[in-house]
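*Asks:* sharing a model prediction with you, sequence too.
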Amino acid sequence: MKLNISKYNIFLTNYVICNLLSKKYIKVNEELYSFLRGQKSFELNDFDNDVLIELLDANIITQSDELSTIDYRYNALKFANNKASYIIYPTLNCNFSCNYCYQIFKGSSLSNDKEKILQQFLLNTLHNLNELKILWSGGEPLLKWDFIKRTNLAILKSADNNLDFYSDIATNGYLINDKIADEMQECNISILQITVDGSEEEHNKIRFSKTDKNTYTSVINGIKKAAKNIKVRIRLNINHHNTNSFDSFLDDLEKNNCNNSNISIFVKRILAKQDNSSHCTLLNDNEFYEYEIKYAELAHKKGFNYSLHPSWESSIRCAYHHINSFAIDPNLLAYKCALEIGMQEKSIGSIDETSRLNLRENVLTGLLYSPLTIEECRKCMVLPICGGKCPIEWERQNRQKEAGCVPDKQSISIKLNNLLNH
């Protein structure tokens, strides 16, 4: 029987092999490591029985058609009605005035009546689900913290033991105090994504409020308070203006005792749609990939966790890839992409006064997408963890090579080595 080496193996240091399809690691001896790395196909008698079982279990070697496996998993998940993932925008208002923010439709928040309708919609879905994920975003979602807290507690009270409920918040971190940090743990907030724009000097140039030109100090304090009990992912937004501030930013985190097992870091480039100032400040794909690799290595050197692509831990990459997942704005309009929030012509439906979600025919657009129809995706090593290109970004860039790809395509080996050796 012929066995093939998996297309999705990452050969790491210290003779460790990671397979992205199985998401499993194994450590082998030097001889087997070199043998596996140098061959594309094998016979059963090339391995001892125990070794063979371990390699097959981790999918390091395989006798299956891996693309067919990915296609099956992708479509099974796409049409899984027992899972739901919602990005909910309780407000598009914000206490910051960042010039690149893509939330150009500001001034909208959930009314009291719409809060009740939305909460009831979420409660109505519970009996059909075994997994529910909610990302609270904005605007600044903590401006509506009382509503978020009430809703999460209502879900926890109503859900049975068969429901896996995960709730995260994307926030600027400015409003986090001891009380809110404690309440977050009580109402099942799993992860906080807190956005920073580099060192104190660079951050305060961009992320300020009408009343506070030094928001950085409050954000760092918010990170410290939250990370006592909750996982915090620090998102560093970058363009050409702040690429040199990462080193000093890490030093500042260390000085402020913001380096524990609950804290990880990742960088995200500011996109064209988000930059209202000048496109000359933006990083192109290759520039961003180079910086991300550099930052991942620097974070590891200084003892910080650098975050993997979210799909490593999540079954659903984003709402676009799943029949039962949406982004929901303060007017209770539903969208397939968070970047389209507020563009009513892009909405695919709405939640009515009876808490029923009514969808339009354009919801089918996302369901017709498959990464297996894109040759670049079919050949890509990170396809099992990314789920394919972002179709909206891919189309926006006229289907260019690398458009819509995750940075892990270039940096996965470095990230996994750093994680393994952290």
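*Replies:* It's in.

*Asks:* tell me the contacts of residue 281?
*Replies:* 239, 240, 241, 270, 275 (Cβ atoms under 8 Å, 6 or more residues apart in numbering). For the C-beta atoms, the positions are set from N, CA and C on the backbone; glycine is no exception.

*Asks:* lowest pLDDT pick from the residues you listed?
*Replies:* Within the contacts of residue 281, pLDDT reaches its minimum at residue 275, with 43.

*Asks:* next secondary structure element downstream of the lowest-mean-pLDDT helix or strand in the chain?
*Replies:* Lowest on mean pLDDT, DSSP states H and E among the helices and strands of the chain sits helix 364-367, with a mean of 74. Downstream of helix 364-367, the next assigned helix or strand under DSSP states H and E is helix 375-378.

*Asks:* got the CA positions of that next one in PDB?
*Replies:* This file holds the C-alpha atoms of helix 375-378, laid out as PDB (Å, rounded to 0.1, in the frame of the first residue of the first chain):
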ATOM      1  CA  GLU A 375      -6.100  27.200  -7.700                       C
ATOM      2  CA  GLU A 376      -3.900  29.200  -5.400                       C
ATOM      3  CA  CYS A 377      -5.900  28.000  -2.400                       C
ATOM      4  CA  ARG A 378      -5.700  24.400  -3.500                       C
END
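
*Asks:* what residues of that helix count as buried?
*Replies:* 376, 377 (16 or more other Cβ atoms under 10 Å).

*Asks:* please apply the same query to stretch 63-81.
*Replies:* So for stretch 63-81, counting by 16+ other Cβ under 10 Å, buried means 66, 70, 74, 77, 78, 80.

*Asks:* secondary structure for those residues - can I get that in TSV?
*Replies:* Listed next are the buried residues of stretch 63-81 as TSV, based on DSSP: H, G, I helix; E, B strand; the rest coil:
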residue	secondary structure
66	helix
70	helix
74	helix
77	helix
78	helix
80	coil
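
*Asks:* farthest-apart pair in the residues you listed, please.
*Replies:* 66 and 80 (20.9 Å; Cβ to Cβ).

*Asks:* if we can go back for a sec, CSV for the contacts of residue 281, including distance to residue 206?
*Replies:* Output for the contacts of residue 281, formatted as CSV (distance: Cβ to Cβ, whole Å):
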residue, distance to residue 206
239, 10
240, 13
241, 8
270, 10
275, 11
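
*Asks:* what is the nearest of these to residue 409?
*Replies:* residue 270 (19.5 Å).

*Asks:* surely that closest one touches residue 237?
*Replies:* Yes: with contact defined as Cβ atoms under 8 Å, residue 270 counts as touching residue 237 (5.5 Å).

*Asks:* if we can go back for a sec, for the buried residues of stretch 63-81, which one is nearest residue 302?
*Replies:* When those are compared against residue 302 (criterion: Cβ to Cβ), the nearest one is residue 70, at 35.7 Å.
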